[in-house]
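Student: my questions are about this predicted structure, shown below with the sequence.
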Amino acid sequence: MGDFVNLPASSADAPRRVPGHLAIILDGNGRWATKRGKPRSFGHIAGARTLIRALGWFAERGIQHVTVYAFSTENWKRPAREVASLMRLFSTLLRHNLDILVKNKIRLRISGRRGDLPPKIQKAVAEAERITAGFDRQLIVCVSYGGRAEIIDAVNAAVARGEKVTEESFQNLLYVPDVPDPDLVIRTGGEKRTSNFLLWESAYAEYCFIDALWPDFSERDLDDALSDYASRNRRKGGIA
């Protein structure tokens, strides 16, 4: 599926201010394949290769946390054949790229309702998370994830515990509670909506919408987004 080796921690050419946590909605894989007369699964494979390449770009720019929206709770409604293809692709990526994550000291984490996943994938996910648990740089993959589902699951957990909810206590009930909120959310594919992604966590995130379909996402697209982010004044409700 691709490779990247000896990823540097930073790059002299990178923008001076980069997001500590970058989140990406990987949109456009199916449309990319359709435009080429190929089945949608072809686009998902191409999108996976782009993600693997992009991990090197993120590392070179010193981004510590990257969250990608890979498969939503709503995606289970897609045709069974496409869902099965996506699950096989996810399993293949886990098997063939775990050594890359280890070599480059990237911690893999899964965010979402992992109980929805096939048992074999659940087992593979748990093993990959165990093996990479000691690394600081993190890749969070949202699978069977929905922002509303995450909030509902957190509320139900609080109710079960009989807890009075505060912002801090609620944060601790999210799927990956120790991960900082995203600073920048990039969505590819030309669409301009959040699509139920990190609804709680992205309350004060900056957004960047890119026309390129995800398989075509380039290093130049990333740098353009980071340069735009670096130019923004993040007041978060305050005064600059």
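Tutor: Received the coordinates, thanks.

Student: which residue packs closest to the residue most central in space within the chain, ignoring adjacent ones?
Tutor: For the chain, the residue nearest the mean C-alpha position is residue 68 (1.2 Å; Cα atoms, centre = their mean). Nearest in space to residue 68, with sequence neighbours left out and distances taken as Cβ to Cβ, 6 or more residues apart in numbering, is residue 24 at 5.1 Å. Backbone N, C-alpha and C define where each C-beta goes, glycine included.

Student: residue 195 too?
Tutor: With Cβ to Cβ, 6+ apart, the residue lying closest to residue 195 is residue 25, at 6.2 Å.

Student: what packs against the helix or strand of the chain with the lowest mean pLDDT?
Tutor: Within the chain, no helix or strand scores below helix 80-103, which has a mean of 91 by mean pLDDT, DSSP states H and E. If you count contacts as 3 or more Cβ pairs under 8 Å, 6 or more residues apart in numbering; DSSP states H and E, helix 80-103 packs onto helix 40-60, strand 65-72, strand 106-111, helix 119-131.

Student: ok, and which of those has the densest surroundings?
Tutor: strand 65-72 (a mean of 24; mean count of other Cβ atoms under 10 Å).

Student: for the closest residue to residue 213 other than its chain neighbours, give its distance to residue 201.
Tutor: Excluding its sequence neighbours, the residue lying closest to residue 213 (Cβ to Cβ, 6+ apart) is residue 28, at 3.1 Å. Noted for residue 28: a distance of 23 Å to residue 201, by Cβ to Cβ, to the nearest Å.

Student: ok so, going back, make a markdown table out of the helices and strands packed on helix 80-103 and add distance to residue 155 and mean pLDDT.
Tutor: Output for the helices and strands packed on helix 80-103, formatted as a markdown table (distance: least, Cβ to Cβ, whole Å; pLDDT from 0 to 100):
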| stretch | distance to residue 155 | mean pLDDT |
| --- | --- | --- |
| helix 40-60 | 31 | 95 |
| strand 65-72 | 19 | 97 |
| strand 106-111 | 17 | 97 |
| helix 119-131 | 24 | 95 |
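
Student: what's the closest of those to residue 193?
Tutor: Comparing the helices and strands packed on helix 80-103 against residue 193 with Cβ to Cβ, the closest turns out to be strand 65-72 (12.1 Å).

Student: residue farthest from the centroid of this protein?
Tutor: Distance from the C-alpha centroid of the chain peaks at residue 162, with 31.7 Å (Cα atoms, centre = their mean).

Student: what does the pLDDT read for that one?
Tutor: Residue 162 carries a pLDDT value of 93.

Student: do the one 10 residues further on as well
Tutor: Each residue has a pLDDT score; the one for residue 172 is 95.

Student: that one and residue 179, how far apart?
Tutor: 12 Å.

Student: neighbour count for the two, which is higher?
Tutor: It is residue 179, of residue 172 and residue 179, that has more neighbours when counted by other Cβ atoms under 10 Å, with 17 against 13.
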